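A.B. asks: my questions concern the predicted model and sequence given below.
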Amino acid sequence: MKLNRIVLLSAMLVTALANTTFAQSLRSAYDGAFLIGTALSTNQILEKDPVQAALVAKEFNALTAENDMKSSLLHPEEDVYKWEIADALYALAEKTNSKVHGHTLIWHSQLSRFFREKKTKEDMIAAMTKHINAVAGRYAGRTFSWDVVNEAVEGDGSLRKSVFLEVLGEDYLALAFKLAAAADPKAELYYNDYSMTGVEKREGVIRMVKKIQESGAKIDGIGMQGHWGLESPTLEEIETSILAYAALGVKVSITELDIDVLPNPRNVSGADISQSAQNTAALNPYVNGLPDEIKAAQAKRYKDIFALFLKHKSIISRVTVWGVNDGNSWKNNFPARGRTNYPLLFDRENKPKEAYYSILELRKK
Ligand code: 9MR
């Protein structure tokens, strides 16, 4: 009898412990602060790996397609749309009670070829209208937020010489926001870019956003991608930028966070994929595992930046990490191909890293 009671009590204890572990997820810990998002590959959207699928459902409440909603994949030819994967992303988000962040409507990269063939204003406006109406319209009411325009500003603050700028001049920016608002009035509309802590770039983005606002278009937020390193940008630079963007009266999101731990060839920063470097042994030092001191440095870095985000939680609506586990990250191939990087919160076996526990810790009651 006594033994039975002990067995019963231990079983209850195990269940209680399991429940506590389950309650410890990022999405529940940050409930009331901001959404915690991730970017999903095609296979992850399709839940090919059950372990990763369970992890995504447990930890994250905002989902972005890492590639599948870019124009060249979703709308590769003028009258061809490939909805299958995007439809699956919305279904997955609804099943897991998560938000969808749409990425991205107007971007110079991974751009459908037909946009490049538009040489007159009339034709370019028609192409943008058709694209935005089709994509934002299809998911209207189901999309929490959109990257309406992605990466339109250069490091020196000037506007990127994309096909859109060439044909329409800077009016294309306000036009994109107006079209998106008309196609999906409920979605929050963002401008999204990398290297958003650079002073000249920040000033250029602020000038651009003010013009969009003056045109009467709705813009709800600014996305700072957050492809950052262990030391750069500094917390001060990040904070100054968050506050400068918020001063425009918009929300701020950290949209593509990863913390690169590898040596940086030629000081490449941000996410300009036209930059590349050779993979050498010196640039790829942790093929057999990450040393403890780098794990700890990364955990501290994640903790520091999340503490900063929490300080500004009234401004920040979402923090999304750019990938589920270290093995998935684009950072294994940028700026040098084929390196072993460790930029995310889960390791290659989908186990939470020190970095994960460091940011969970911040929300312990
Ligand atoms: O992570 C994405 C990678 O799989 C693609 O090969 C790459 C192609 O441009 O795009 C990556 O995601 C980018 C995002 O869409 C926009 N900001 C920069 C990201 C990293 O390059």
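C.D. replies: Thanks, I have it. Residues are numbered from 1 along each chain as shown.
A.B. asks: just checking stretch 101-109 against the ligand, any contact.
C.D. replies: Yes - Stretch 101-109 lies in contact with the ligand when judged by Cβ under 6 Å from any ligand atom; the contacting residues are residue 109. In this view, the C-beta of every residue, glycine as well, is placed from N, C-alpha and C.
A.B. asks: pull out the buried residues from that stretch.
C.D. replies: Neighbour-count burial for stretch 101-109 flags 101, 102, 103, 104, 105, 106, 107, 108 (criterion: 16 or more other Cβ atoms under 10 Å).
A.B. asks: any idea how far residue 303 is from residue 281?
C.D. replies: As judged by Cβ to Cβ, to the nearest Å, residue 303 and residue 281 stand 31 Å apart.
A.B. asks: chain center to stretch 352-360: distance?
C.D. replies: Relative to its parent chain, stretch 352-360 has a centroid offset of 19 Å by Cα atoms, centre = their mean, to the nearest Å.
A.B. asks: need the contact partners of it.
C.D. replies: Stretch 352-360 is touched from outside by 24, 26, 29, 259, 295-296, 298-303, 306, 326, 342, 344-347, with contacts defined as Cβ atoms under 8 Å, 6 or more residues apart in numbering.
A.B. asks: ok, now with 6 Å
C.D. replies: Judged by Cβ atoms under 6 Å, 6 or more residues apart in numbering, the contacts made with stretch 352-360 from elsewhere in the structure are 29, 295, 298, 299, 302, 303, 306, 345, 346, 347.
A.B. asks: ok, so of those residues, who is nearest residue 189?
C.D. replies: Within the set of those, residue 306 lies nearest residue 189; the separation is 25.5 Å, counting by Cβ to Cβ.
A.B. asks: where does this protein have low pLDDT?
C.D. replies: Within the chain, the ranges that satisfy pLDDT under 70 run 1-23, 267-269, 274.
A.B. asks: rerun at 50
C.D. replies: Using pLDDT under 50 as the threshold, the predicted model of the chain has low-confidence ranges 1, 14-22.
A.B. asks: interface residues of the stretch 51-200 of the chain facing the ligand?
C.D. replies: Where proximity means Cβ under 6 Å from any ligand atom, the interface of the stretch 51-200 of the chain facing the ligand comprises 66, 67, 109, 110, 194.
A.B. asks: PyMOL command for the buried members of the residues you listed?
C.D. replies: Selecting only the buried entries of those in PyMOL, with 16+ other Cβ under 10 Å as the criterion:
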select buried, resi 66+67+194
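A.B. asks: could I get the residues of the stretch 51-200 of the chain next to the ligand as JSON lines with distance to residue 263 and secondary structure?
C.D. replies: Putting these into JSON lines (distance: Cβ to Cβ, whole Å; DSSP: H, G, I helix; E, B strand; the rest coil) gives the following:
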{"residue": "66", "distance to residue 263": "25", "secondary structure": "coil"}
{"residue": "67", "distance to residue 263": "27", "secondary structure": "coil"}
{"residue": "109", "distance to residue 263": "26", "secondary structure": "coil"}
{"residue": "110", "distance to residue 263": "28", "secondary structure": "coil"}
{"residue": "194", "distance to residue 263": "20", "secondary structure": "coil"}
